[in-house]
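A.B. asks: Would you be able to build a 3D model of this:
(chains A, B, C and D)
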Protein chains: 4
Amino acid sequence: MTELAAVKAALKTQAVETPSWAYGNSGTRFKVFAQQGVPRTPQEKLADAAQVHALTGVAPTVALHIPWDRVDDYAALAKYAQDHGVKLGAINSNTFQDDDYKLGSICHPDPGVRRKALDHLLECVDIMDATGSRDLKLWFADGTNYPGQDDLRARQDRLTQALAQVYQRLGDGQRMLLEYKFFEPAFYATDVPDWGTAYAHCLKLGEKAQVVVDTGHHAPGTNIEFIVATLLRENKLGGFDFNSRFYADDDLMVGAADPFQLFRIMYEVVRGGGYTSDIAFMLDQCHNIEAKIPAIIRSVMNVQEATAKALLVDTEALGTAQRTGDVLEANAVLMDAYNTDVRPLLAEVREEMGLDPDPIAAYRRSGWAQKIIEERVGGQQAGWGA
Amino acid sequence: MTELAAVKAALKTQAVETPSWAYGNSGTRFKVFAQQGVPRTPQEKLADAAQVHALTGVAPTVALHIPWDRVDDYAALAKYAQDHGVKLGAINSNTFQDDDYKLGSICHPDPGVRRKALDHLLECVDIMDATGSRDLKLWFADGTNYPGQDDLRARQDRLTQALAQVYQRLGDGQRMLLEYKFFEPAFYATDVPDWGTAYAHCLKLGEKAQVVVDTGHHAPGTNIEFIVATLLRENKLGGFDFNSRFYADDDLMVGAADPFQLFRIMYEVVRGGGYTSDIAFMLDQCHNIEAKIPAIIRSVMNVQEATAKALLVDTEALGTAQRTGDVLEANAVLMDAYNTDVRPLLAEVREEMGLDPDPIAAYRRSGWAQKIIEERVGGQQAGWGA
Amino acid sequence: MTELAAVKAALKTQAVETPSWAYGNSGTRFKVFAQQGVPRTPQEKLADAAQVHALTGVAPTVALHIPWDRVDDYAALAKYAQDHGVKLGAINSNTFQDDDYKLGSICHPDPGVRRKALDHLLECVDIMDATGSRDLKLWFADGTNYPGQDDLRARQDRLTQALAQVYQRLGDGQRMLLEYKFFEPAFYATDVPDWGTAYAHCLKLGEKAQVVVDTGHHAPGTNIEFIVATLLRENKLGGFDFNSRFYADDDLMVGAADPFQLFRIMYEVVRGGGYTSDIAFMLDQCHNIEAKIPAIIRSVMNVQEATAKALLVDTEALGTAQRTGDVLEANAVLMDAYNTDVRPLLAEVREEMGLDPDPIAAYRRSGWAQKIIEERVGGQQAGWGA
Amino acid sequence: MTELAAVKAALKTQAVETPSWAYGNSGTRFKVFAQQGVPRTPQEKLADAAQVHALTGVAPTVALHIPWDRVDDYAALAKYAQDHGVKLGAINSNTFQDDDYKLGSICHPDPGVRRKALDHLLECVDIMDATGSRDLKLWFADGTNYPGQDDLRARQDRLTQALAQVYQRLGDGQRMLLEYKFFEPAFYATDVPDWGTAYAHCLKLGEKAQVVVDTGHHAPGTNIEFIVATLLRENKLGGFDFNSRFYADDDLMVGAADPFQLFRIMYEVVRGGGYTSDIAFMLDQCHNIEAKIPAIIRSVMNVQEATAKALLVDTEALGTAQRTGDVLEANAVLMDAYNTDVRPLLAEVREEMGLDPDPIAAYRRSGWAQKIIEERVGGQQAGWGA
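C.D. replies: Below you'll find the model as predicted:
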């Protein structure tokens, strides 16, 4: 197989998981702008996600969020997904939207609240059993807003305890993906604020516990690809929550704010063997003002483009330049791949996969946008609170 | 008058404006946690604000937010306030919560939306006429989330045009306070992102247009007191929106995150003559997880403490050290004031004003918290959307 | 002329000024690593700069730094440059490397130091008269390290006074370009810390005073293209100091850290009419670890590539999408230009200009690197202190 | 013992290590301003440090930096220190100032350079044997400036290998303190950029490897006290390099930029048992523009004041408020300690220790400053390169 053929083959096996909640409404604390045609049920979210996969060919699974996607019969939901050409992916817990969680969930000073949160996490594993999901993705809004508000260290003790109980509950082939976040909604101290904290917890828990990197959850200036390389080296990278940002956790389309950074991240993934491993590549975005389905298609395509460029890096030339300390040449080799216009290559890949070379145009022609606007009338549109 | 007497006299004339919306519920995009006893009407907000003034003696006015505080009869509302011992303060406009404002208000590409937003601003001046308010405080959520989304420069042209029309509408003794913000809810470009932009617009508008500094609206690391000193020097500082933050626009209690910064800001206010001028000292905070009224009392006290320290700076010794280039001594003179425990002094000031020396304890004893929990049952609690 | 022909024509007229000091040694506070072949005299710097221009065709001028490039006969230096195919560009002042400037230069509390600094600035205008330079570029390291160290406002008064005196000295066709910087070497307050401060000073000085944007001199997250658009709209953008950074004022090769940002900046330049105006496009970089001449060639090429992409934006399609509020399409139009591989186009442009299509390869083949290593033996290598 | 007596007793046992290099000249990449009276030899640095200890009573040890403090006879140097009333403290390595280290030291792509750097580290342990020092403090400037310049992961492998060899060389009672730094002098990727990386390495090395927290080495907004609490909980906090900053690694006097942060850090130290453990409390500062010895005295006093406040926190009241979720009261309890003016208490402590209550005034009266200016004439002043 030629090198280009290998690149194409790799691109055809790519899998980006889209999140059910990105198809619903979202916004900032100032306003959630509702959009026409937004899904009202988990099934309608899956139907939208199926469109994304049908058009891109590389978005085969859909992450669920509990309780937003709570249904009576998860096996039926899984069947529904399959009938539409997709599968259910990671189960995301929610321990931040109940009134009891004002001061935290599994780190809360009150044992009763902690128990309630833990029960929810365990319920999520039950759901995984029903859906066949591999990954439990845990993000905790836990933290404090004011110095002194709570004991930073005691909160870590409570976190350790709860995570251990969830970990014990995991079955064979199930994993716990622990997400960290720099800040928001906690404004003084967040209980899992950085990769170091997530790593330290996962290390003690065991092999099934892995760190998930949300690309919007870092301090300004943080070198994210370094973290990716480090976690891969430590066998502790479980997955990504892709999105992009200029400021904080802006949750813009991945690749929209800094496409060069996304390329550098994907280069470290490829270099570190993460592309062919069990790492989950998920989107986690908020399409506050743009149309949701085409935004998600665009996001998937942005990941593809960054991946294609990463796969095109001339690693032999790069290694030679690096070993000889030729700073400019090593940088040039990397930039050469980045500066390549990979859109024609990806159009070819799509055609070889039996897809339209231009998924956005195909979506426009499909009439799906009009269809859902016409059909999804009445009911309660999905959003973060629904 | 001795120096200490002068400091006390200055502290007794202090005036901090509290915002009606801080008495209502607030939160993050993740969750608004409702609190018991929260006001349901503008009148109930004023009643709470009156408690803060009664206990601190230095919170005589209350800022309104339109439409959150819209009433049929603003004169009656002003009378209501007066009967409770406070006055109505600045009128704050809102051009971010209507579905039409998804892509902006007065900077929106659609002239129809711009007209609607402008009409709202003009209505706010009508309200000022009725309430006798001096200040129209303008904060615009306008901006874009994606590069290319709109023309940055055309948006400035639209902004210029709308501001000019509002400015023309201002009556004698009325001012326009233009607020800038680094980011949020716009995540790529904000139309008034920094003091320079606000300053440039105000300069062209004229004397009645002034810049307002929200202490949470800056890029990381920004030296806010430098901006305060500069705007005072240019006669363009119209007021403050006080709050504090560790990360972004966290809207924590002023002085909670960096009390030393608050002191430095108040020192530049005093040094620049701003303390005795027409500058509006307003709070703009979100008490997401803490009890609202005592949080506002605490915030007013934090401003008082920072002001007391600023007033205690030995300016003569400071000037001598500065002129002779004695870096350590000049810093030490400033720190000497900062390190002073001014709480006993403020307790004295309060007693001389006929107040309880400990406003927080007095609030607890007052029974107000219990009273409003019992009485404010049913109805719709006030919040950002109400 | 077809559109592509127009783009090519524009690219052929591009002019990037390279700084004499970038050919010399530089480093961090930890270490300056000397490189072989580094110039020892202003003449040798010009000879290196002439290579860059000969190979790229778009680097026709060289900025000087006084006293680093002080010579007895500036007319002779200008003649030397001309003989080598380049011209002398902006004169850069230096009021930070004399022991007297420990606490500042024109903002220093001591009038004697201020006078000395002012005299240096006036001397720089004398030099401009001799070299025929249009631009005096002023960057002041002035500021304070500790709160209280000096009076922030008095320093602005001193700044105003000195700038006015320099402004008065400017001849016809001469300009003053005032540079701002977020921090470093001052670590508490910098006297010209942001574009707003530089703008306010330039506005009062008059038409010949313009702001210069150093792309590395902003707070984290600052939207630089917004500043560029705003200054262009105000007719106050005088020029750029191009470089790139991941953290602070890293002074890396322009386009190396965030090529998408450079494209966005160049797009605002083109959109705002800055490309065909008197704006000075200068590099200001430190090649601490990489070979200097090829790094500068690469930097010039990076500016070219960003410019080519900016010129390729389909402004008609963009305007339509913007006016109709089509967020995704507007963003896509911009990204379409950015994602284009413009290297073939630039290779054509170079061939049409009679140049090698690959300046880096041509430099390697030229033997210049070997030649200067062999010839420049002995003497004192140029650097920031020489 | 009353509580206050216990606080006083704790304060009397405090030990802050001052760094030999802080007595010498330092600066930014723009300029090192020389000061009169600066030491020229390790002995003179120790003599200055002895003054600081004599006046404060809590600065008993002095950190050395190799090769800046290289002497022929370290035992004699230790004796010299003892004769002056101080002891030698941590040994700091230097693998960043040799021309060979342009692209790194123990992470360099060239095995020869790595070997040279490793030999230096081993030499430092030899010196520890001679001086009786407990701690080897390792800070690596290693990193890259450009994406692609070197292989991020291979550099970690090299780091692992070298650290293991140094660790093996450590004797009984000796420790390795690994320092992390966000950036500078590397401007793209630093090889030990955050506490997570340092922690992961130390964990694998073993008990004798601990993390050192330099308070200036974090991304903007990082909650440092969280890291302190976490490392203490993990038994991996080895020490501090104290300094303060507004922007990057400004190396200002500790407590000068954010005294509240220093208090929060010291509170976590006390709460986590770090105050009475083997943690090394070191200064690492650059007194670029202020007089060095009084700046160091002031820094030691700032640490004392923060510690005193931390010790005064009413932990019982705090715990009650935290457990009951009383956000405002918990914060108030912490702030109550912070707002206390502890200077009178510390004056008492000093008097009980037989010291002058005002170390700065005592230093002024001592005549030391004049003495060293007169005596230290000629020779080469100490600085980062000497």
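
A.B. asks: ok, A:Ile372 - how many residues close by?
C.D. replies: 20 (other Cβ atoms under 10 Å in any protein chain shown). Yep, even glycine has a C-beta here, placed from its N, CA and C like the rest.

A.B. asks: Skip the chain neighbours and tell me the closest residue to it.
C.D. replies: Sequence neighbours aside, A:Gly37 is the residue nearest to A:Ile372 in space, at 3.7 Å (criterion: Cβ to Cβ, 6 or more residues apart in numbering or on different chains).

A.B. asks: for A:Ala186, same thing?
C.D. replies: Using Cβ to Cβ, 6+ apart, the nearest residue to A:Ala186 is A:Gly143, at 2.4 Å.

A.B. asks: isn't that neighbour right next to A:Ala189, touching?
C.D. replies: Yes - under the criterion of Cβ atoms under 8 Å, A:Gly143 makes contact with A:Ala189 at 5.4 Å.

A.B. asks: How about the contacts made by the nearest residue to A:Asp98 once chain neighbours are set aside?
C.D. replies: Leaving out its chain neighbours, the residue that sits closest to A:Asp98 by Cβ to Cβ, 6+ apart is A:Lys116, at 7.7 Å. The neighbours of A:Lys116, taking Cβ atoms under 8 Å, 6 or more residues apart in numbering or on different chains as the test, are A:98, A:100, A:105.

A.B. asks: and of those, the nearest to D:Leu77?
C.D. replies: A:Ser105 (55.9 Å; Cβ to Cβ).

A.B. asks: Could you check how far the closest one is from A:Trp195?
C.D. replies: Per Cβ to Cβ, to the nearest Å, A:Ser105 is found 21 Å from A:Trp195.

A.B. asks: Quick one: buried ones out of the contacts of A:Lys116?
C.D. replies: Among the contacts of A:Lys116, those buried by neighbour count (16 or more other Cβ atoms under 10 Å in any protein chain shown) are A:98, A:105.

A.B. asks: what would the contacts of A:Lys116 look like in a markdown table with pLDDT?
C.D. replies: Listed next are the contacts of A:Lys116 as a markdown table, based on pLDDT from 0 to 100:
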| residue | pLDDT |
| --- | --- |
| A:Asp98 | 96 |
| A:Asp100 | 97 |
| A:Ser105 | 98 |
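
A.B. asks: from the contacts of A:Lys116, which is closest to chain D?
C.D. replies: A:Asp100 (10.9 Å; Cβ to the nearest Cβ).

A.B. asks: A:Arg40 sits in which helix or strand?
C.D. replies: Counting by DSSP states H and E, there is no helix or strand that carries A:Arg40.

A.B. asks: next one: phi and psi at it?
C.D. replies: Backbone torsions for A:Arg40, taken as degrees, to the nearest 10, come to phi -110, psi -10.

A.B. asks: Spit out the contact partners of it.
C.D. replies: A:Arg40 neighbours (Cβ under 8 Å, 6+ apart): A:376, A:379-382.

A.B. asks: out of the residues you listed, which is most surrounded?
C.D. replies: Of all the contacts of A:Arg40, the highest neighbour tally under other Cβ under 10 Å goes to A:Ala382, namely 23 neighbours.

A.B. asks: Excluding sequence neighbours, find me the nearest residue to that one.
C.D. replies: Spatially, and ignoring its direct neighbours in sequence, A:Ala382 is nearest to A:Gly24 (3.2 Å; Cβ to Cβ, 6+ apart).

A.B. asks: Equivalent analysis for A:Thr307, please.
C.D. replies: A:Met266 (5.0 Å).

A.B. asks: Equivalent analysis for A:Lys204, please.
C.D. replies: A:Lys204's closest residue in space is A:Thr160 (Cβ to Cβ, 6+ apart), at 7.4 Å.

A.B. asks: And the contacts of the host helix or strand of the one you found?
C.D. replies: Here A:Thr160, judged by DSSP H and E, is contained in helix A:152-169. Outside helix A:152-169, the residues that touch it by Cβ under 8 Å, 6+ apart are A:104, A:106-109, A:114, A:117-118, A:121-122, A:125, A:136, A:138, A:140, A:142, A:144, A:176, A:178, A:189, A:191-192, A:201, A:204-206, A:208-209, D:225-226, D:229-230, D:232-233, D:268, D:271-272, D:322.

A.B. asks: One more: stretch A:324-339?
C.D. replies: For stretch A:324-339, contacts defined as Cβ under 8 Å, 6+ apart pick out A:260, A:263, A:267, A:309-310, A:312-314, A:317-318, A:321-322, C:256, C:259, C:289-291, C:294-295, C:298, C:305, C:341, C:343, C:360, D:103, D:109-110, D:145-150.

A.B. asks: filter those to the buried ones?
C.D. replies: Buried subset of the contacts of stretch A:324-339 (neighbour count, 16+ other Cβ under 10 Å): A:260, A:263, A:267, A:309-310, A:312-313, A:318, A:321-322, C:256, C:259, C:289-291, C:294-295, C:298, C:305, C:343, C:360, D:103, D:109, D:145-150.

A.B. asks: quick one: which of the residues you listed sit in helices?
C.D. replies: A:260, A:263, A:267, A:309-310, A:318, A:321-322, C:259, C:294-295, C:298, C:305, C:343, C:360 (DSSP state H).

A.B. asks: any idea of the pLDDT on the residue lying closest to A:Arg376 once chain neighbours are set aside?
C.D. replies: Closest residue to A:Arg376 apart from its sequence neighbours, by Cβ to Cβ, 6+ apart: A:Gly37 at 5.4 Å. The model reports A:Gly37 with a pLDDT of 97.

A.B. asks: go on, A:Ala330?
C.D. replies: Confidence score, pLDDT, at A:Ala330: 98.

A.B. asks: Show the subsequent helix or strand relative to the helix holding A:Thr160.
C.D. replies: According to DSSP H and E, the helix or strand after helix A:152-169 is strand A:175-179.

A.B. asks: Okay, now the sheet partners of that following strand, with direction.
C.D. replies: Partners of strand A:175-179 in the sheet, by DSSP bridges, are strand A:135-138 (parallel), strand A:209-214 (parallel).

A.B. asks: any idea how far the closest residue to A:Leu88 other than its chain neighbours lies from chain D?
C.D. replies: Nearest residue to A:Leu88, sequence neighbours excluded (Cβ to Cβ, 6+ apart): A:Thr131, at 4.4 Å. Between A:Thr131 and chain D the computed distance is 32 Å (Cβ to the nearest Cβ, to the nearest Å).
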